[in-house]
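A.B. asks: what would the 3D arrangement of this be:
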Amino acid sequence: MRVRSLPEELLELAVAVAREAGRMLVDKRPAEGPDVVQTKSSPTDVVTQMDRAAEKLIIDRIREERPDDGFLGEEGGTRAGGSAVRWVIDPIDGTVNYLYDLPDWGVSVAAEVDGEVVAGAVDMPRRGETYTAARGGGALLHTATGTRELRCNTGVPLNRALVATGFGYEARRRARQAEVLTGVLPNVRDIRRGGSCSVDLCSLAAGRVDAYYERGVQAWDVAAGALVVREAGGRVDGLNGAPAGPELVIAAAPGLWEELHDLLAPLDPARD
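C.D. replies: Purely as a prediction, here's the structure:
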């Protein structure tokens, strides 16, 4: 009998809780739309009761199996743990899509060991897709018809690249991001704006887009999806040697990554 590695064990749990939360979010979504309980940074960035219920479900299920682990959750479910493992959770990545009953949203669950992401799952229940990755084990897409290995598109020049991006919620940042976009759009095949960081990253890993960049994403947005991209052969980093983070995330296969970086850098995309 093969002994599973710790990343494999953590991935199995990540997949289980992400899928359970995804089913709950679909089954309990009010037909007239979720009950908005407050706003975040602006009236266009909503927090719903379903967000909080999904995060609580995920944390409760993980604690049942691993009571000593820590958590970093978008909706405040954050605590230090006694083990080397910390779970990074976005209960609904793509909240506005969920609010409007659009399919591009996901439940993102990643596990860090000593600060490094080693396992991640992004469940997209409205698409019927679950994306998974364990460090050193590759990236997979699971659907009702089977499982396939993921690989980023390679050999794509910048002027033929389909590039995904996203925008912040605060008006000044959005205006600045629109300025940057005017410098990008003439130099690529086209732009796609889906509304969910984790969905965009998984789409990159699946070859549905060629690259992705965005300013303002947080650890819970990117943790699982970035591992999926890296295990699918892609690169995920920030600007001018910085790691990927709130300042900027750039993701693509090697070669295209450098081209996109060099296009973005003089546009000053990390400035609001």
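A.B. asks: what bits of the protein have low per-residue confidence?
C.D. replies: Applying pLDDT under 70 to the chain flags the ranges 1-3, 32-47.
A.B. asks: report the central residue of the protein.
C.D. replies: Centrality entry for the chain: nearest residue to the mean C-alpha point is S198, 2.1 Å, by CA atoms, centre = their mean.
A.B. asks: distance between the ends of stretch 81-101?
C.D. replies: For stretch 81-101, the separation between the terminal residues is 36 Å (CA to CA, to the nearest Å).
A.B. asks: if you count neighbours, what's buried in it?
C.D. replies: Judged by neighbour count using 16 or more other CB atoms under 10 Å, the buried positions of stretch 81-101 are 85-95, 97-99. Any C-beta I mention is one placed from the backbone N, CA and C, and that applies to glycine too.
A.B. asks: relative to E112, which of those residues is nearest.
C.D. replies: Comparing the buried residues of stretch 81-101 against E112 with CB to CB places R86 closest, at 4.7 Å.
A.B. asks: I'd say the closest one and R66 touch.
C.D. replies: No: R86 sits out of contact with R66 when judged by CB atoms under 8 Å, with a separation of 10.7 Å.
A.B. asks: show me where the stretch 151-272 of the chain has strands.
C.D. replies: Using DSSP state E, counting those that start in this stretch, the strands of the stretch 151-272 of the chain run over 162-165, 190-192, 211-214, 235-237, 249-252.
A.B. asks: quick check: which of these is buried the most?
C.D. replies: Neighbour counts (mean count of other CB atoms under 10 Å) averaged over each of these peak at strand 249-252, with a mean of 27.
A.B. asks: what about that one, distance to the chain center?
C.D. replies: Chain-centre distance of strand 249-252: 12 Å, with CA atoms, centre = their mean, to the nearest Å.
A.B. asks: again, but for stretch 138-158
C.D. replies: Counting by CA atoms, centre = their mean, stretch 138-158 is centred 16 Å from the centre of its parent chain.
A.B. asks: with stretch 100-111 instead?
C.D. replies: Using CA atoms, centre = their mean, the offset of stretch 100-111 from its chain centre is 8 Å.
A.B. asks: span of it from start to end?
C.D. replies: This stretch, stretch 100-111, spans 29 Å end to end (CA to CA).
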